[in-house]
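In: for reference, the sequence and a predicted model appear below.
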Amino acid sequence: MAGNVLVIGGTSGLGYELAKLFAETSPVIVTGRAAPLVLDSRLEFRRLELDSGSEDTHSILNFVQRLPRIDTLVIAAGYAQFGGVNRLQNMDIMKMFTVGLIAPVLFIRELLHHQRQLPNYMQITSTSQWTPRPNEPVYAAAKAGIGMFAESIAGDPNVGRVMVAGPSGMKTAFWNGLNTDTSQFLEPSEVAAAMYNDWSTISNYEFRQIAILRNPLRVEVRKQT
């Protein structure tokens, strides 16, 4: 069902856990700035940086041209950013929009130019896509933007089924260096299992949007067409 899988941001956290699940039945390529310290032998690593500059698409174009046909694209790249908009520098804002919105859009455009069709697309966002918080204005905007992009291209005849999955807070490196109590947060492996189970067992949709919530862990359908 999954065919050849590409997980962008698949070298750590949720992306890595999803990659391992897909690898049980499919060949999987993962990307990131660097390979994980311990790379699952079933995964192929290819280096890709999304924040090298949104005005220069050569790195994305060159990367895409070296890919095999991709049947399932998972975009899980992202990082934390906190602070009111008046406290963020221009480079902070541009980097967040580049990694969270511009680079994924450019990547999908080049992939469709390269292979014409994309049968499956899973976009990882966050509950911040739906719940704005004063200390996450640009982060929330990027997540909401890429979620809307994913819903929009679900109507493209060259794109198959599209899922947007927004998890609650997880115990990942996302929170490193922050004074945040993550004891009640979700385990990435549990979130990945919930997403993968939903993706692999429910297929009669063009677009599906889910939230993965905690206490207790559960999947909530936000929208489906």
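Out: Structure received. Numbering: from 1, shown residues only.
In: count the residues that sit near the closest residue to Asp92 other than its chain neighbours.
Out: Distances taken as Cβ to Cβ, 6 or more residues apart in numbering place Gln81 nearest to Asp92, at 6.7 Å, with adjacent residues excluded. C-beta here means a position set from N, CA and C on the backbone, and glycine is covered the same way. Neighbours of Gln81 under the rule other Cβ atoms under 10 Å: 19.
In: next one: the one 3 residues further on
Out: Gly84: 11 surrounding residues under other Cβ under 10 Å.
In: would you mind measuring from it to Ser189?
Out: 34 Å (Cβ to Cβ, to the nearest Å).
In: doesn't Phe45 fall inside a helix?
Out: No. Secondary structure assignment (DSSP: H, G, I helix; E, B strand; the rest coil) places Phe45 in strand, not in a helix.
In: can you pull the contacts of the spatially closest residue to it that is not a sequence neighbour?
Out: Of all residues not flanking Phe45 in the chain, Ala35 sits nearest, at 4.4 Å (Cβ to Cβ, 6+ apart). Contacts for Ala35 were tallied using Cβ atoms under 8 Å, 6 or more residues apart in numbering; they are 11, 45, 47.
In: how close does Ala35 sit to Gln184?
Out: Distance from Ala35 to Gln184, by Cβ to Cβ: 31 Å.
In: same question, Leu50
Out: From Leu50 to Gln184 the distance is 30 Å (Cβ to Cβ).
In: before we move on, what about Ala140?
Out: 21 Å.
In: need the contact list for the residue nearest to Asp92.
Out: Counting by Cβ under 8 Å, 6+ apart, Gln81 has contacts 88, 92, 96, 136, 138-139.
In: for it, give me the pLDDT.
Out: The confidence metric pLDDT takes the value 84 at Gln81.
In: same question for Glu220.
Out: 97.
In: show me which helix runs longest in this structure.
Out: Criterion DSSP state H: the longest helix present in the chain is helix 137-153.
In: contacting residues around that one?
Out: Against helix 137-153 from outside (Cβ under 8 Å, 6+ apart): 75, 78, 80-82, 84-85, 88, 92-93, 96-97, 99-101, 104-105, 108, 121, 123, 125-126, 128-133, 159, 162, 164, 166, 207, 209, 223.
In: mean confidence for it?
Out: 96.
In: what's the least confident helix or strand in this structure, going by average pLDDT?
Out: helix 58-65 (a mean of 90; mean pLDDT, DSSP states H and E).
In: do you know how far the residue nearest to the spatial centre of the chain is from Asn135?
Out: The residue lying closest to the centre of the chain (Cα atoms, centre = their mean) is Ala76, at 2.2 Å. Look at Ala76 and Asn135: by Cβ to Cβ, they are 23 Å apart.
In: and if you look at Arg116?
Out: Following Cβ to Cβ, the distance that separates Arg116 from Asn135 is 42 Å.
In: repeat that for Asn86.
Out: From Asn86 to Asn135 the distance is 12 Å (Cβ to Cβ).
In: those two: which has the busier surroundings?
Out: Asn135 (12 against 6).
In: ok, now how distant is the more buried one from Ser128?
Out: Asn135 is 10 Å from Ser128, by Cβ to Cβ.
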